[in-house]
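Novice: Sequence and predicted model, in that order:
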Amino acid sequence: MKAGYASRTPASLLGGGNMTQMPMGAVPKKKDEKLKVIGKAKGNPRKLFYEMKRNYSAYLFLLPKLILFTLFVAIPVVWAFVLSFQKYKIFGSEFVGFENYIKVFESDAFRIALKNTLLFTVVTVPFGVISALVLSTLIFELGKLSQSLFRSAFYLPTVTSMVIIAMVWRWMYNYDFGLFNYVLGWFGVGPVNWLGQSNTALWALIIMQCLIPFGVGIIMYLASMGSISQSLYEAARMDGASRFKQWIHITIPLLKPTTLYLVLLSTIGSFQVFTQIIMMTGGGPGSATETLVHLIYKTGFRDFEFGLAGAQSVVLFVIILIFSVIQFRVLRHDE
Amino acid sequence: MKKVWKKSALAALTLGLAATVLAACGDKEEAGNAEEFKGKITIWDGPRWPDADDNKFHWLEEKIKEYEEANDGIEVDLVQVPWAEMGDKLGVAIAGKAWPDIAPVDISGSAVSIDHIEQGVIEALDPYFDKDAKKDFYENALDAYTYDGKLYGIPNSITLHTMLLNLDLFEEAGVEPPKDGKWTYDEFLSAAEKLTFDRDGDGKTDVHGFSTYILPGYYEAWPFFYKNGGSPLNEDLTEFTFDSPEVVKAIQDLADLKLKHKVAPETHGGNDVGGTFQAWANEEQRTVAMQPWATWAIGAAQGKYPTNFMVAEYPSGDKDASTIGGVGGWVMMHQDDVNKKAAVADFMKFISTAEEQYNMAQHYGIFPARVSASEMDPFKDNPEMTRAMEMSDQVVMLPRHPEWRKIDEAIQNELQLVFNGEKTAEQAMADAKKAVDKILE
């Protein structure tokens, strides 16, 4: 989970920020007046320059972030794209056209990594988002003090290094003295080699991911729930709607922008799963837990095939983009 | 006619003389002049043995101080890198062309490969090492750093793998350890069976006879695979040969210690390096009687994890016992300034003398790569290291193929599946062959 994503609001990202504060059925304004001005200025360089000059202090504040973004995100991304068409050599790389991309699509290792990553994503993303929604609903009903307590408790794993979490879980999955096998022993079930068998290793990582609370999701859902107008619930209660029906027909629909943001966020995170793999299984046994980012890492930094690693990264980028567009369209369908 | 002949001979002589002078100048230019360099030399190193303040970099720090005092204008910057991160960090540094001047590298390891030599990332040291300078090094140590007839590093240590036997557990189980550390595979299996026992009578096995782990880049288990003969690739490195019947049988034998004979724990053949070692060495565990390790573990068992143990050879099969060896040393990364190159070579020589290798052997659990350092007998008070050093003549080196890392991974991934019972050794090596053949194409 990246702090940068967590600090953005779903509203700013999706353009539907005032959805949760509006009565049902109201049509949100798509652009405010200021956006219209900037929109007009967009096609006219002089007006754009004038706009920038007028708001120079805002641009100055943005500048450090923009410089860091350019240096550490934009340039490396462009460089990875350029590399993907080269056979990388320390002194003078060669242009090889689409050769690296052909290798990616012909590679068994890439196919296995893609399959494992998809399974990891398909299970952990819905589980993470739904559990965050359910937990948020339960926490939202509590008093202020209890809310703060649970909010902090569930957010704690988000601020804990995944390396530490992975080490703890590695102990929990330990064959000889791990927590899981100890508990299984109570029920007379023999120990399981969780991380050492192909049929359990990936599922062990998936279970681990599912059981780590989705702290960002809980915090965001709680914030969004707080901004839903109470008049809607009052009206529903007057119409005799049960609490479950209120949740289904009021809470969930009005949380849709938040849900969309969280689904996008966790899908991107799941496709990039890496730390757990390198800390707990190294992609094994065999290739049972090989994932795309771990494969890219090995291709780049173990085999020093940076061109091929670049091509793998671009393909991963396209896959994430496709998933994001599909999710965006499906979840925004009835807005 | 005579005059013409004389003129031609004179011209030829002059040309020859000029060529010799130019060649000599070229050599000198290539070698550079260390005294003309003023500036900084950067060296990376991992933690070695501790001093009284638990500083594991004290040896190199002291050598640097000594060198700086003797060479005015040269500053040597030591970058401390944990061994576990050395490969990755060096890989990233190479990718970013931000490498140190000197790095401690086993050239057959994962951080630096023949591919880097071919790309010019590693400097040849021949201008600084004439035949006489090379004479003091063991031939196999020099071979490890020689490629295409050129020397690409100064060997400073030789390591190999040995079997470590916990003698307390041998005594508890009433098992006689192998005489002189030599045994056959049947004797080893028989010992492992007796060393697997239920100490407290609760029906659960408390101690297992043997265990090891399987992981790309690690070769503790591999000498077992060589016990009947065979090797991963053929001699000219063009064909996968680890699917030969003798190797397949040896692999299956080792996996069967867990799968069939139940003398190894469930984690046998897994990827947990630390957990495996703790099971043998940690006083609170000691649940495994025999494990194979590289020679660093001898030092650990004599220091941090004091254990009553002995060093034994790997068991022999149809062939004599063998072991996998490695050669550590210093390499010089690419240099643009020829005078700096000479200064870097000078410092590398300064920390690779026979005295330094003797010092390192005594304290750091490695064997010297210099003959004269071995002759100083660094292990005269350490019979276990002496026994391990006697195994040097059994050393088999890994194939020096530029794509070895990929080949190794293809084999080890399949080996993991043999040890967890998902494939037979025959199936696994047949699948490994398919993957390796693609790499060798």
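Specialist: Good, I have the coordinates.

Novice: how about the residue nearest to B:P223 when sequence neighbours are not counted, secondary structure?
Specialist: Nearest residue to B:P223, sequence neighbours excluded (Cβ to Cβ, 6 or more residues apart in numbering or on different chains): B:Y314, at 4.1 Å. (Each C-beta comes from the backbone N, C-alpha and C, glycine too.) Classification of B:Y314 using DSSP: H, G, I helix; E, B strand; the rest coil returns coil.

Novice: same question, the one 10 residues further on
Specialist: Three states are possible here, and by three-state DSSP the one that applies to B:I324 is strand.

Novice: For chain B, what lies in contact range of chain A?
Specialist: Contact residues (Cβ under 8 Å from any Cβ of the partner chain) of chain B with chain A: B:88, B:91-92, B:94-95, B:97, B:110, B:113, B:115-116, B:119-121, B:215-216, B:265-267, B:270-271, B:275, B:287, B:334, B:405-406, B:413-414, B:416-417, B:420, B:422, B:435.

Novice: Could you tell me which of these count as buried?
Specialist: Using 16 or more other Cβ atoms under 10 Å in any protein chain shown as the burial test, these include B:91, B:94-95, B:110, B:113, B:115-116, B:119, B:121, B:215-216, B:265-267, B:270-271, B:275, B:287, B:334, B:405-406, B:413-414, B:416-417, B:420, B:422, B:435 as buried.

Novice: which residues of the chain score low on pLDDT?
Specialist: Since you didn't name a chain, this refers to chain A. A:1-43, A:333-335 (pLDDT under 70).

Novice: My question was about chain B, not that one.
Specialist: B:1-30, B:108-111.

Novice: can you list the domains in it?
Specialist: Chain B is divided into the following domains under automatic domain parsing: B:33-158+B:327-381, B:160-325+B:398-440.

Novice: Now do the SS call for the nearest residue to B:A144 once chain neighbours are set aside.
Specialist: Once flanking residues are discounted, B:A144 sits nearest to B:V327: 3.7 Å by Cβ to Cβ, 6+ apart. Of the three states, B:V327 takes strand under three-state DSSP.

Novice: Provide a list of residues in contact with B:V327.
Specialist: Contacts for B:V327 (Cβ atoms under 8 Å, 6 or more residues apart in numbering or on different chains) come out as B:D106, B:I107, B:S108, B:N140, B:A141, B:A144, B:Y145, B:P155, B:S157, B:I158, B:T159, B:A369.

Novice: distance of it from chain A?
Specialist: 21 Å (Cβ to the nearest Cβ, to the nearest Å).

Novice: which residues does that residue bridge with?
Specialist: Under DSSP bridges, the beta-bridge partners of B:V327 are B:I158.

Novice: coming back round to it: please tabulate the domains of chain B in JSON lines, including the columns distance to A:A113.
Specialist: Formatted as JSON lines, the domains of chain B follow (distance: least, Cβ to Cβ, whole Å):
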{"stretch": "domain B:33-158+B:327-381", "distance to A:A113": "19"}
{"stretch": "domain B:160-325+B:398-440", "distance to A:A113": "13"}
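
Novice: what's the closest of those domains to A:S324?
Specialist: domain B:33-158+B:327-381 (29.2 Å; Cβ to Cβ).

Novice: start to end distance for that closest one?
Specialist: 42 Å (Cα to Cα, to the nearest Å).

Novice: which other residues reach stretch B:226-236?
Specialist: Counting by Cβ under 8 Å, 6+ apart, B:185, B:239-242, B:244, B:246-247, B:249-250, B:314-319, B:321-322, B:396, B:398-399, B:401, B:407, B:411 sit against stretch B:226-236.
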